[in-house]
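Student: give the three-dimensional model of this entry:
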Amino acid sequence: MVFNTASGQLRTRPLRRREAVAGLCMAWVLGGCAALRPVAPVEPQADVPHAWSTALGDSGALPEARSTVAWWQHFNDPLLTSLVTQALQANTSVLGAQAALRQARALRDATAAGLQPQLTGSGSAQHGTSGGSSTGNVFRAGLDARWELDLFGAQRSALATSEATARASAASLGDVQVSVAAEVALAYIGLRSTQARLAIARDNLASQLQTLQITDWRAQAGLSSALQVQQARAASAQTQAQLPALQSTIAQAAHALAVLTGQAPGALAGLLATPAAVPQPGSELALSLPAETLRQRADVRAAELQVLAASARVAQADAARYPSFSLGGSLGLSALTLGSLTRGAAVASTLLAGISLPVWDGGAAQAQVQAQQAALDQARSAYRGVVLGALKDVEDALVALRDDRERHARLLQAAQAATAAATLSQHRYSAGLIDFQTVLDTQRSQLATQDSLAGAQADLSADQVRLFKALGGGWTPNDGMAVPPPERAGTSQTVTR
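Tutor: Predicted structure coming up:
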């Protein structure tokens with residue numbers, strides 16, 4: 001369409017081919033821009049029950065992961081606290097997770113730098129000859145600048161991916177710290193429990209050796225048979241056979257604690273040689289609710305952030321299907337002498353604006369979006385699996401703690417009765433009032449019940465450790481992301497993080 005200056009009227013003429021092509025291309029670009037819709041971030045969700053299905057009654061309070069002090073300090077064992085502290089500083093898994101976190105943060109910073117204009121400098125010196133004669137020198141200095149405009153959010157989505165990945169690494173570090181602290185506590189409890197069992201076995205062995213001596217005296221006096229002597233000797237030998245196995249278990253537990261704290265296996269042998277009581281936690285804390293537990297769990301936090309990272313990758317892949325724009329320029333100085341670069345040099349400058357249009361790629365860009373969407377679906381499924389696993393960990397720990405409390409109470413009664421029966425039977429046998437078989441039976445019962453009681457005592461402490469771990473204790477979220485409160489609907493809590 002053309003304006004006729006002579007008549008003052010508009011007249012039309014056919015569009016040239018290149019003008020038509022340019023118009024179609026512009027319409028395609030503008031249409032694509034208008035049709036672009038940013039991919040919204042996907043927030044992971046999980047249905048969480050209002051309360052735990054396992055009830056413990058009023059038989060003591062339960063640990064809460066969120067407390068003013070670390071959960072292992074509630075066991076009131078300075079050596080355990082020292083070992084856990086050292087493990088959190090020197091354990092190889094913790095150090096590896098810390099390095100992974102530093103790497104993720106460095107990659108995030110590198111991605112953030114890509115959003116800024118890039119400036120590079122260059123310089124050169126040239127000396128030429130022709131036919132054996134010098135043609136002169138040329139010195140050059142220049143600056144190049146480039147900036148890619150992030151109109152469709154590809155770079156911002158890449159930065160969001162790196163940010164979520166860095167935060168997930170921080171949560172993964174917390175998960176490693178929780179696991180290492182629990183491993184140290186369980187190994188320490190196992191060592192102290194085995195030391196207690198070793199002391200019980202030695203006490204029973206002393207009683208059995210005393211019975212053997214009495215039986216031998218009675219046999220020499222003709223009051224008992226050689227069969228009873230051999231029975232007493234067999235009972236004491238069986239108890240003696242248990243000692244090496246218990247000592248081996250103690251040494252192996254000490255080796256495990258040394259490695260967990262980043263030391264050679266034999267480094268803690270002297271420190272742990274003196275027996276001590278199995279640590280027991282205090283009873284001043286309360287159990288957290290399911291929704292609160294998920295906020296506290298480091299592995300749930302890490303899985304949640306992996307979902308956010310996968311969502312950002314979908315947005316990044318989607319933005320790659322649209323045009324990209326860039327601005328660039330250069331400024332150069334050229335002179336025949338080095339000193340002339342700062343005065344009287346020839347100046348050359350360029351300015352460039354570019355656009356890259358994905359015209360045809362055989363569907364590769366769309367396939368990449370679909371691939372990232374599938375990865376997002378995997379991350380969401382993994383998140384739900386971690387949530388269910390977290391709830392299961394707490395329920396399992398509660399069941400074990402409830403049943404082990406009842407078991408410990410019954411074994412305590414049995415051990416007290418077995419000890420009294422063994423003492424009474426030994427006195428009555430010395431007086432010739434009962435046969436030797438009764439003595440053997442009561443001594444065996446005493447050893448078995450005392451050993452079981454020591455194991456049950458350790459199980460209670462281990463159950464508390466596992467419950468602390470299941471509740472998410474031992475780490476503090478520091479990734480700067482606030483967690484909204486759960487939404488209540490029906491009979492469940494929906495945690496949206």
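
Student: quick one: contacts for Leu151?
Tutor: Leu151 sits next to Cys33, Tyr322, Pro323, Ser324, Phe325 when contact means Cβ atoms under 8 Å, 6 or more residues apart in numbering. To be clear about C-beta, it is placed using only N, CA and C from the backbone, and glycine gets the same treatment.

Student: farthest pair in these?
Tutor: Farthest-apart pair in the contacts of Leu151 is Cys33 and Ser324; separation 12.1 Å (Cβ to Cβ).

Student: more neighbours: which of those two?
Tutor: Per other Cβ atoms under 10 Å, whichever of Cys33 and Ser324 has more neighbours is Ser324, with 18 against 12.

Student: per-residue pLDDT, the residue nearest to the more buried one when sequence neighbours are not counted?
Tutor: Nearest in space to Ser324, with sequence neighbours left out and distances taken as Cβ to Cβ, 6 or more residues apart in numbering, is Ser356 at 4.6 Å. For Ser356, the pLDDT comes out at 83.

Student: now Ser356. Its backbone dihedrals?
Tutor: Dihedral angles of Ser356 (phi, psi; degrees, to the nearest 10) stand at phi -120, psi 120.

Student: tell me, how many residues neighbour it?
Tutor: Neighbours of Ser356 using other Cβ under 10 Å come to 11.

Student: quick check, central residue of the protein?
Tutor: With the centre of the chain defined as its mean C-alpha position, the nearest residue by Cα atoms, centre = their mean is Asp175, 2.5 Å away.

Student: okay, and that one sits in which element?
Tutor: helix 154-220 (DSSP states H and E).

Student: same deal with Val48?
Tutor: Applying DSSP H and E as the criterion places Val48 in strand 45-49.

Student: next secondary structure element downstream of that strand?
Tutor: Helices and strands here follow DSSP H and E; after strand 45-49, the next one along the chain is helix 78-90.

Student: and the residue nearest to Ile434 when sequence neighbours are not counted, how close does it get to Ala310?
Tutor: Distances taken as Cβ to Cβ, 6+ apart place Arg428 nearest to Ile434, at 4.7 Å, with adjacent residues excluded. Using Cβ to Cβ, to the nearest Å, Arg428 is found at 75 Å from Ala310.

Student: for the stretch 151-300 of the chain, give me the ranges with low pLDDT.
Tutor: Across the stretch 151-300 of the chain, residues meeting the criterion (pLDDT under 70) sit at 283-286.

Student: now with 80?
Tutor: In the predicted model of the stretch 151-300 of the chain, residues 218, 223-224, 282-288 satisfy pLDDT under 80.

Student: sorry, back to before: quick one, what contacts the residue nearest to Ser324?
Tutor: Each residue near Ser356 by Cβ under 8 Å, 6+ apart is listed here: Pro323, Ser324, Phe325, Ser326.

Student: next, count neighbours for the first one.
Tutor: By the other Cβ under 10 Å criterion, the neighbourhood of Pro323 contains 15 residues.

Student: burial check on the closest residue to it other than its chain neighbours, number of neighbours?
Tutor: Nearest in space to Pro323, with sequence neighbours left out and distances taken as Cβ to Cβ, 6+ apart, is Leu357 at 5.1 Å. Using other Cβ under 10 Å, Leu357 has 12 other residues around it.

Student: mind checking which of the contacts of Ser356 are in strands?
Tutor: Taking DSSP state E as the definition of strands, those contribute Ser324, Phe325, Ser326.

Student: thought the second one was touching Gly354?
Tutor: Think Phe325. Yes. The pair Phe325 and Gly354 qualifies as a contact (Cβ atoms under 8 Å) at a distance of 7.1 Å.

Student: those two - which one has more neighbours?
Tutor: When neighbours are counted by other Cβ under 10 Å, Phe325 and Gly354 differ, and Phe325 comes out ahead with 14 against 11.

Student: which pLDDT value belongs to that one?
Tutor: Per-residue confidence (pLDDT) for Phe325: 84.

Student: same question, the one 5 residues further on
Tutor: The predicted local confidence for Ser330 comes out at a pLDDT of 85.

Student: dihedrals phi and psi, it?
Tutor: Recorded main-chain torsions at Ser330 are phi -150, psi 150, according to degrees, to the nearest 10.

Student: then the one 4 residues further on?
Tutor: For Ser334, the backbone dihedrals (degrees, to the nearest 10) come out as phi -140, psi 130.

Student: how near is it to Thr211?
Tutor: Taken as Cβ to Cβ, the spacing of Ser334 relative to Thr211 amounts to 107 Å.

Student: and these two? which has more neighbours close in?
Tutor: Ranked by neighbour count (other Cβ under 10 Å), Ser334 and Thr211 place Thr211 first, with 24 against 17.

Student: ok, and the closest non-adjacent residue to the more buried one?
Tutor: Nearest residue to Thr211 in three dimensions, chain neighbours excluded: Ala232, at 5.6 Å (Cβ to Cβ, 6+ apart).

Student: give the helix, strand or coil label for that neighbour.
Tutor: Classification of Ala232 using DSSP: H, G, I helix; E, B strand; the rest coil returns helix.

Student: could you find the closest non-adjacent residue to Gly153?
Tutor: Among residues not flanking Gly153 along the chain, Ala319 sits closest, at 5.1 Å (Cβ to Cβ, 6+ apart).

Student: please name the residues that touch the one you found.
Tutor: Shown here is Ala319, whose contacts under the criterion Cβ under 8 Å, 6+ apart are Phe152, Gly153, Ala154, Ser157.

Student: compare these and tell me which is most surrounded.
Tutor: Neighbour counts for the contacts of Ala319 were taken using other Cβ under 10 Å; the highest belongs to Ser157, with 24 neighbours.

Student: that residue and Ala310 touch, don't they?
Tutor: No. Using Cβ under 8 Å as the test, Ser157 is too far from Ala310 to be in contact (11.4 Å).

Student: doesn't Ala158 make contact with Asp150?
Tutor: No. At 9.3 Å, Asp150 does not count as touching Ala158 under the criterion of Cβ under 8 Å.

Student: which of the two has more residues huddled nearby?
Tutor: Here Asp150 and Ala158 are compared on neighbour count by other Cβ under 10 Å; more neighbours surround Ala158, at 21 against 17.
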